[in-house]
Structure formats: C-alpha cells, structure tokens
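Visitor: sequence first, predicted coordinates after that:
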Amino acid sequence: MTVVDCTAFAGELRALAARLPQTPRADLAAFLESAQTAATALPGALATALDTFNAEGNHDGYLMLRGLPVEDEAALPPTPTSTPAPADRPLLTMEAMLGVVGRRLGLHTGYKELRAGTVYHDVYPSPDAHYLSSETSETLLEFHTEMAYHVLQPNYVMLACTRADHERTAATLVASVRKALPLLSAEVRERLFGRKMPCCVDVSFRGGVPDPGAIAQVTPLYGDPEDPFIGYDRELLTPDVPEDVAAVAALSKALDEVTEAVYLTPGDVLIVDNFRTTHARTPFSPRWDGRDRWLHRVYIRTPRNGQLSGGERAGDVVAFTPRG
C-alpha cells in the first residue's frame, strides 16, 4: 500500500490534534511527548499502515497519507518568508499530524547546523535561496538521499502540505532503489556495492567554508546485496575513478527510469524512506503573494541502520559527523 486515504478518520485526527499543546515550540519536548501518547490512539487502519511501512518499507519507497484534516485557506496565515518560525506561533493542523504520525514511526530529530537546529521546518519559496536548498522554486531540486553524507542521516523525511503551489505543478519526485536495482547489470551492482565514494556536503554543513571539497565518503549501495540501501546525491556525489563514474551514471539512469511524481495537496503527508530512495522537486513559479506553496518538514530517526544507539529523545539536536 502506497496511498492511505485518511478522509474517514478526519474527526478522530482533529480530536487528537486538539489534545496536543497548542504552542509546540514553547516546549517542544513536552509537545512531542504528548504526540507520542496521541500516536497510540491513531485509528487502527492508519496505525497498521504506518507500522507495516516502518517494519518493511514498500516497493515504491514512500507512504502517502491523503485526506488528513487541514485548515481552510481563509483561516491560514500567510506563507512564511523567514525561518525559523516564531516560538509563539500557534500549532497548525498539519504540524500536529507530523507530530503524531512521526512519533508512531520514531524520534523527531534536529540537525545543529541546519535551520538553526530546529526540528520543525517551514518549506517555502525564497527568491535568494541557494540552488541546493529546499527553498528553491524555479529550478529543479536534484535527486538526493537526504543527508547521505551524515552519519546520523534520518530514516524518514516527512513532508506535510498546508498550502499547494498556485498552479499545482510542483511535484516531489521519488525513485526507489527496489525499483531501480533490476535495471542495473551485475557488473554495475558489484561496482557500487560497498564501495565508498567522495561526497561533498550541503552548504549548511560546510562550517562556513565556501567549498571544503568532498569531506565525506558515501556508499551508493550497501546492506543486503539483493535488497540494498542507497546513498546517492546527484549534485554532491563525486566519484573520482572512471569505473565509479560510469557505475554512478548507470545508477542515475536507472533512478530516472523508475521516478514517480507525487503532487502534494493540502491535507497530505508524504513519508519518504530515506534509506531506500532518492527524491527531488520539480520547478514551480511563486507569486510572492502570501499564498505560495507551504510545506512542513521533519526528520525521523529509528533504530534501523544504527541511527539510534539508546537513550535518545524525540526532539534531540545532533551535530554533524561526515560519513567516512
């Protein structure tokens, strides 16, 4: 199952959201603790879908929750133009859904160097955004495994939609390694599997250095050879051996061939399996009218892949350690 229609659960989910602290950033730890309690009361079919995805993943590499409760457009504030959000901003329904659903899956995590270490991110177009940033709009945000270069990369990237782009042309692109693997030759698989390759890092993790070079080592395929995990970034992975360059090019081609476009509309939550996929975003045209596309993003870590070692709490903020 890739899409879960949550329309029938809207009343129950609104009631769960109403139980949560209504100013989440004032005490995020308390908010996430309350969200964990609420997560135990999710409607049965939704809880089962989340638990199954958490345990097994799926062929497509993502789970879409559609028809979640969301404010009417007239009740929404303008799309933000700066980050982080004010500490006193009232809870939005889609932020509540990220809290409850995220706690069903694992632990919300902030990254010290990214967005001032905040856990909840507003994602909106910005006219001055770096081309590698999620705040770009009129250029393609290229395929990447989120923070593939980070030792504590998130297991899930969660995106919730409060407001779509005006023309509803912005697509989140998802490419699953489970779909791409059969398209790779045995020679390419062997070349990519378990082989560390140089990788640059996003601007936020460069420590103020304009171009520190490839300070991380990322393995494109690893784990079970028949059902591997993927580490990939079209902009930042920089193989420096001809055979590696060719193998990564073959992987890129396979990922393009299995790409699926997902169009987020208000009331959607997209959960991306960050160890089985790469994702991207197509360009769109903002109007700068206070009603541009507005998503919310959180990162979730789970015990899978060694991302938790014990003693962590939801809302922890972790420092950057490059993969090596």
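Guide: That came in fine, so what should we check first?
Visitor: could you pull out the helices for this structure?
Guide: Here the chain has its helices, by DSSP state H, at 10-19, 28-39, 44-56, 93-105, 177-180, 186-192, 242-257.
Visitor: which of those helices is buried the deepest?
Guide: Highest mean neighbour count among the helices of the chain (mean count of other Cβ atoms under 10 Å): helix 93-105, with a mean of 25. (Glycine included, C-beta is placed from N, CA and C.)
Visitor: give me the low-pLDDT residue ranges for the stretch 1-150 of the chain?
Guide: Filtered on pLDDT under 70, the stretch 1-150 of the chain yields the residue ranges 128-138.
Visitor: try 90 this time
Guide: Residues of the stretch 1-150 of the chain meeting the criterion pLDDT under 90: 1, 126-141.
Visitor: which stretch among the helices of the chain comes nearest Gly213?
Guide: helix 242-257 (16.8 Å; Cβ to Cβ).
Visitor: and that closest one, how far out from the chain's middle?
Guide: Distance of helix 242-257 from the chain centroid (Cα atoms, centre = their mean, to the nearest Å) equals 23 Å.
Visitor: try stretch 66-75
Guide: That offset, for stretch 66-75, works out to 21 Å (Cα atoms, centre = their mean).
Visitor: buried ones in it?
Guide: Across stretch 66-75, burial judged by 16 or more other Cβ atoms under 10 Å covers 66-70.
Visitor: please apply the same query to stretch 292-311.
Guide: Result for stretch 292-311 [16+ other Cβ under 10 Å]: buried residues 292-301, 304, 307-308.
Visitor: any idea which of those is least confident?
Guide: Within those, Arg304 has the lowest pLDDT, namely 91.
Visitor: contacting residues around it?
Guide: By Cβ atoms under 8 Å, 6 or more residues apart in numbering, the residues touching Arg304 are 155, 275.
Visitor: and stretch 115-130, which residues are buried?
Guide: By 16+ other Cβ under 10 Å, the buried positions in stretch 115-130 come out as 115, 118-126, 129.
Visitor: give me the subset of those that lies in strands.
Guide: By the criterion of DSSP state E, membership of the buried residues of stretch 115-130 in strands covers 121-123.
Visitor: JSON lines for those, including distance to His108?
Guide: Rendered in JSON lines, the data for these read as follows (distance: Cβ to Cβ, whole Å):
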{"residue": "His121", "distance to His108": "11"}
{"residue": "Asp122", "distance to His108": "15"}
{"residue": "Val123", "distance to His108": "16"}
